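# how does the following fold in three dimensions:
(chains A, B, C and D)
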2 protein chains.
Amino acid sequence: MTQNTPDFYQVKEKMYVATDCIIFGLHQGKLKLLVFKRKVEPLSGEWSLIGSFVRLDEDLEVAGQRVLHEATGLENVFMQQLKSYGKKDRDPGYRCISVAQYALIRIDDYNEQVVEEHGAKWFEIDDLPALILDHDLMVQDALRQLRQNARYQPIGFELLPEKFTIPQLQLLYEAIYQKELDPRNFRKKVFSFNVLEKLDEKDKSTSKRGAFLYKFNYENYQKLLKSGYNFEIA
Amino acid sequence: MTQNTPDFYQVKEKMYVATDCIIFGLHQGKLKLLVFKRKVEPLSGEWSLIGSFVRLDEDLEVAGQRVLHEATGLENVFMQQLKSYGKKDRDPGYRCISVAQYALIRIDDYNEQVVEEHGAKWFEIDDLPALILDHDLMVQDALRQLRQNARYQPIGFELLPEKFTIPQLQLLYEAIYQKELDPRNFRKKVFSFNVLEKLDEKDKSTSKRGAFLYKFNYENYQKLLKSGYNFEIA
DNA sequence: TCAAAAGTGTTGCATGTACACCCATGG
DNA sequence: CCATGGGTGTACATGCAACACTTTTGA
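Model prediction:
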């Protein structure tokens, strides 16, 4: 922070800084959000995002990863800062600003038990319960940002297991953009980026014929980035 | 913020919350940034963004507008939150997170005296001095976001006077994207949005023939938004 | 053998890009 | 009358959208 204003303007007052996590996951081809039943007063029993105060000796990003780890048992999750919410009366108790961060997790990796211990539940994004405080707003903003970012970054892959099929990938983008896509055009597009590596295995869990598995090639993606790219899918 | 984690995790510690403003303006067809000579220790005399602590009874956005007003005398400036910077050691004095906000101002509107009182100076964006702390990073992030947002929102107009010519508008976009544009294609594009209103006046300050003045039509822009738009210029 | 999902090409249309000349005017 | 910046149209290339049938195989 900066102090260029005259000294008499420098009213220094500390406040609480929290971070709240908007956790997206993919389940049965649907985009879902993980919400928690709040256990402490005020507003105990209401649905909310998971969050925590940021500690004095903790980077913001570290705080986000800590919250996510405590809630899900996962580490090194893809996470991106959304924005901060700082209306003066947003928290009824005391002045507190919250830095919202959104996370994309692979539900397969997921320790289901930890979820239940926290009274957490996955909701489809078009069927969410009301959340406390300004958390509804955070979710709306996060969705918009997710859709925006998915246009220019391959973040969709963060939601899928390491090996995935093209139909799976297509379902994911259909879930993100709530829009049906043409399988021929979709394949043409994703293959044109040259960031998918075809494997010799097939996934037969959803059809008799089976669909080839692919994995994401990060090196090619780096090249693509440098040569001025447009990763627009959908 | 949220408290779903067990109580023993709830280490509540307050910290300072600041806001720093990345102020862009347009001058002689160049995109510029307003930076300030810091007047207080530590780092007195160094270049920095302008900022202030957020007060307990003040919304984040209000704090941003206050900082901008104190620094420039302007009110109701276009301002948008960028993101928060919260490395634990980003400020050498004490733990402090900063919410960066960027502003677009019309230099014409501008009270030049107030700038000088603050030891402020406009720099071209590709010729900036080193700034204190993480302010360089903030500027880079703000530039990226400005370019990104200018693609889908008509924020370019915020930098121009109410009445402007097409060549002025083109220069602005060339400054934002650091790229020359073809005047024929540029006109075709901006007119296709139907958000410019041609006036009967001409601006003769840059040529003998003079260029017609236009103004931005906010109603048509609202219609454009609703009908699913793509405001991509450049 | 058949149901169910995987996989594949072509064409028309729209949009972006490249490009060069005339216009209006003040000095 | 000429130098300066303002203003205009066309042809080509590229990318996107629409569209239907064949393949594989487990039950």
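# got a list of contacts for whichever strand or helix holds residue A:187?
Taking DSSP states H and E as the criterion, residue A:187 maps to helix A:183-192. The contact list for helix A:183-192 (Cβ atoms under 8 Å, 6 or more residues apart in numbering or on different chains) reads A:166, A:167, A:169, A:170, A:173, A:196, A:233, A:234. C-betas here are computed from N, CA, C, even on glycine.
# emit the PyMOL select command for whichever of these are buried.
In PyMOL syntax, the buried subset of those is picked out as below (16 or more other Cβ atoms under 10 Å in any protein chain shown):
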select buried, chain A and resi 166+167+169+170+173+196+233+234
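# quick one: mean pLDDT over the helix holding residue A:187.
For helix A:183-192, mean pLDDT is 94.
# touching DNA strand C at all, it?
Yes - Helix A:183-192 is in contact with DNA strand C by Cβ under 7 Å from any atom of the strand, via A:183, A:184, A:185, A:187, A:188.
# chain A: strands as residue ranges?
Under the criterion DSSP state E, chain A carries strands at the ranges A:14-27, A:30-37, A:47-48, A:50-53, A:78-85, A:96-105, A:120-124, A:164-165, A:196-203, A:211-216.
# low-confidence ranges in chain A?
Chain A contains residues with pLDDT under 70 at A:1-11, A:108-113, A:227-230, A:234.
# longest helix of it?
Longest helix in chain A by number of residues (criterion: DSSP state H): helix A:135-152.
# what comes into contact with that helix?
A:20, A:22, A:24, A:33, A:48-49, A:80, A:82-83, A:85, A:98, A:100, A:102, A:104, A:125, A:128, A:130-131, A:155-156, A:173, A:176-177, A:230-234, B:2.
# so how far is residue A:119 from residue A:135?
Using Cβ to Cβ, to the nearest Å, we find residue A:135 at a distance of 15 Å from residue A:119.
# among these two, which residue is more densely surrounded?
The neighbour count for residue A:135 versus residue A:119, taken as other Cβ atoms under 10 Å in any protein chain shown, is higher for residue A:135 (24 against 14).
# count the residues that sit near the residue of chain A found nearest DNA strand C.
Here chain A gets closest to DNA strand C at one residue, residue A:184, 2.8 Å apart by Cβ to the nearest atom of the strand. The local packing of residue A:184 (other Cβ under 10 Å) involves 8 other residues.
# one more: residue A:67?
For residue A:67, using other Cβ under 10 Å, the count is 28.
# you'd agree it is up against residue A:49?
No - Residue A:67 is beyond contact range of residue A:49, at 9.5 Å (criterion: Cβ atoms under 8 Å).
# thinking again about what came up before, nearest to chain B among the contacts of helix A:183-192?
Chain B has its nearest neighbour among the contacts of helix A:183-192 in residue A:234, at 14.0 Å by Cβ to the nearest Cβ.
# and stretch A:39-51, how far out from the chain middle?
Relative to its chain's centre, stretch A:39-51 lies at 20 Å (Cα atoms, centre = their mean, to the nearest Å).
# tell me how chain A divides into domains.
As recorded under automatic domain parsing, the domains making up chain A are A:9-151, A:153-226.
# hey, which of the ones you listed is tucked in deepest?
Of all the domains of chain A, domain A:9-151 has the most neighbours on average by mean count of other Cβ atoms under 10 Å in any protein chain shown, namely a mean of 18.
# from the middle of its chain, how far away would that one be?
9 Å.
# tell me how far the residue nearest in space to the middle of chain A lies from residue B:36.
Nearest to the mean C-alpha position of chain A, by Cα atoms, centre = their mean, lies residue A:103 at 2.8 Å. Going from residue A:103 to residue B:36 by Cβ to Cβ gives 36 Å.
# also residue A:209?
66 Å.
# chain neighbours aside, what residue packs nearest to residue A:14?
The shortest distance from residue A:14 to any non-neighbouring residue, by Cβ to Cβ, 6 or more residues apart in numbering or on different chains, is to residue B:14 (3.7 Å).
# let me fix that, I meant to ask about residue A:63.
residue A:54 (4.4 Å).
# still on that earlier bit, and the residue nearest to residue A:14, what is it in contact with?
Residue B:14 makes contact with A:14, A:15, A:16, A:17 under the criterion Cβ under 8 Å, 6+ apart.
# what residues are bridge-paired with it?
Under DSSP bridges, the beta-bridge partners of residue B:14 are residue A:16.
# now stretch A:91-98 - C-alpha only, PDB.
Written as PDB, here are the backbone C-alpha positions of stretch A:91-98 (Å, rounded to 0.1, in the frame of the first residue of the first chain):
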ATOM      1  CA  ASP A  91     -20.600  -9.000   7.400                       C
ATOM      2  CA  PRO A  92     -23.000  -8.100  10.200                       C
ATOM      3  CA  GLY A  93     -20.500  -8.900  13.000                       C
ATOM      4  CA  TYR A  94     -17.500  -6.700  12.300                       C
ATOM      5  CA  ARG A  95     -15.700  -5.100   9.500                       C
ATOM      6  CA  CYS A  96     -14.300  -7.700   7.300                       C
ATOM      7  CA  ILE A  97     -13.300  -7.900   3.700                       C
ATOM      8  CA  SER A  98     -13.100 -11.200   1.800                       C
END
